[in-house]
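J.: have a look at this prediction, sequence included:
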Amino acid sequence: MKILTLALVALSAMACAKKEEPPVTYRGMMMTPPVAKPDYVFTATDGSAYDFRKETKGKVALLFFGYTNCPDVCPLHMTNLGTVIKQLPPADRDRVKVIFVTTDPERDTPERLRTWIKSFDSSFVGVAGKPEDLNRLQMSLGMPPAAKEAAPKGSPAGAYGVAHGSAVLAFTADDSLRTIYPMGIRQEDWTADLPKLLKVRARG
């Protein structure tokens, strides 16, 4: 009887411990509930089809819409990600995909896009798509559609900027948009969150 009582106490303690385990929190903005990963096929810089769901299956996919002439947001996000991903263990590094979608197809030729994105990390992928389709995709993910805007005074003739969403969208291995990382996210935030995102397992 004494042994049985001790066993029940131990089981009760274990159950309480599990209940008291705090929920996972992220430094990014958590999506509640998570949004399904879109079934979208981009165009890679070599002209081949880049099936977003297929190419990122079982991985953490970090999707970002921007352009190579961006003066601030785009290079900062890419620099931070490149720096932090290089510090991950090799096995984890292989399970993170960064996909940069150009919002400026007029100037971002395949060669320019490929050269620019690889300057941050050789594993990063640059892709494109039809502007109207990409705008619909961005809106379906809660992002504003990209649009041309006037360049600052004193810019060369014909210069222009591109207004675009400034957040990196993080999809986990269960094909869910789990967190959003706006401008202002630092390397230490990625360092804290990437291991947590990698722990989310694929469905089934």
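T.: Arrived safely, thanks for sending.

J.: which parts of stretch 177-185 are buried?
T.: Residues of stretch 177-185 classed as buried: 177, 178, 179, 180, 181, 185 (neighbour count, 16 or more other CB atoms under 10 Å). Using the backbone N, CA and C atoms, a C-beta is placed for each residue, glycine as well.

J.: of all those residues, which comes closest to residue 30?
T.: Ranked by distance to residue 30 (CB to CB), the buried residues of stretch 177-185 are led by residue 179 at 5.4 Å.

J.: how near is that closest one to residue 84?
T.: Residue 179 is 15 Å from residue 84, where distance means CB to CB, to the nearest Å.

J.: give me phi/psi at the nearest residue to residue 139 once chain neighbours are set aside?
T.: Distances taken as CB to CB, 6 or more residues apart in numbering place residue 145 nearest to residue 139, at 5.9 Å, with adjacent residues excluded. Torsion angles at residue 145 (phi, psi; degrees, to the nearest 10) stand at phi -70, psi 150.

J.: quick one: contacts for residue 145?
T.: By CB atoms under 8 Å, 6 or more residues apart in numbering, residue 145 lies in contact with 134, 135, 138, 139.

J.: circling back to that earlier point, in strands, which of the buried residues of stretch 177-185 fall?
T.: Of those, the ones assigned to strands by DSSP state E are 177, 178, 179, 180, 181.

J.: what is the neighbour count of the closest residue to residue 131 other than its chain neighbours?
T.: In space, and not counting its chain neighbours, residue 131 is closest to residue 105: 6.6 Å by CB to CB, 6+ apart. For residue 105, the count of nearby residues is 16 (other CB atoms under 10 Å).

J.: gap between residue 105 and residue 29?
T.: From residue 105 to residue 29 the distance is 28 Å (CB to CB).

J.: closest to residue 67 among the buried residues of stretch 177-185?
T.: residue 181 (18.2 Å).

J.: how about that closest one, what does it touch?
T.: 28, 29, 77, 167, 168, 169, 170, 189, 190, 193.

J.: which of these count as buried?
T.: 28, 77, 167, 168, 169, 170, 189, 190, 193.

J.: quick one: which of those residues is nearest residue 59?
T.: residue 170 (11.1 Å).

J.: ramachandran angles for the closest one?
T.: phi -110, psi 120.

J.: in this protein, which spans are helices?
T.: 2-19, 52-55, 73-86, 90-93, 110-118, 131-140, 187-199 (DSSP state H).

J.: now the angle from the fifth one to helix 73-86?
T.: Yep, that's helix 110-118 we're talking about. Relative orientation of helix 110-118 versus helix 73-86 (axes from the mean of the first three to the mean of the last three CA atoms, to 10 degrees): 50 degrees.

J.: and the residue nearest the centre of the chain?
T.: residue 62 (1.8 Å; CA atoms, centre = their mean).

J.: can you name the residues that contact that residue?
T.: 81, 96, 97, 98, 99, 168, 169, 170, 171.

J.: TSV please, covering these and showing pLDDT and distance to residue 151.
T.: Shown next, in TSV, are the contacts of residue 62 (pLDDT from 0 to 100; distance: CB to CB, whole Å):
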residue	pLDDT	distance to residue 151
81	98	27
96	98	34
97	98	32
98	98	28
99	98	27
168	98	25
169	98	27
170	98	31
171	98	33
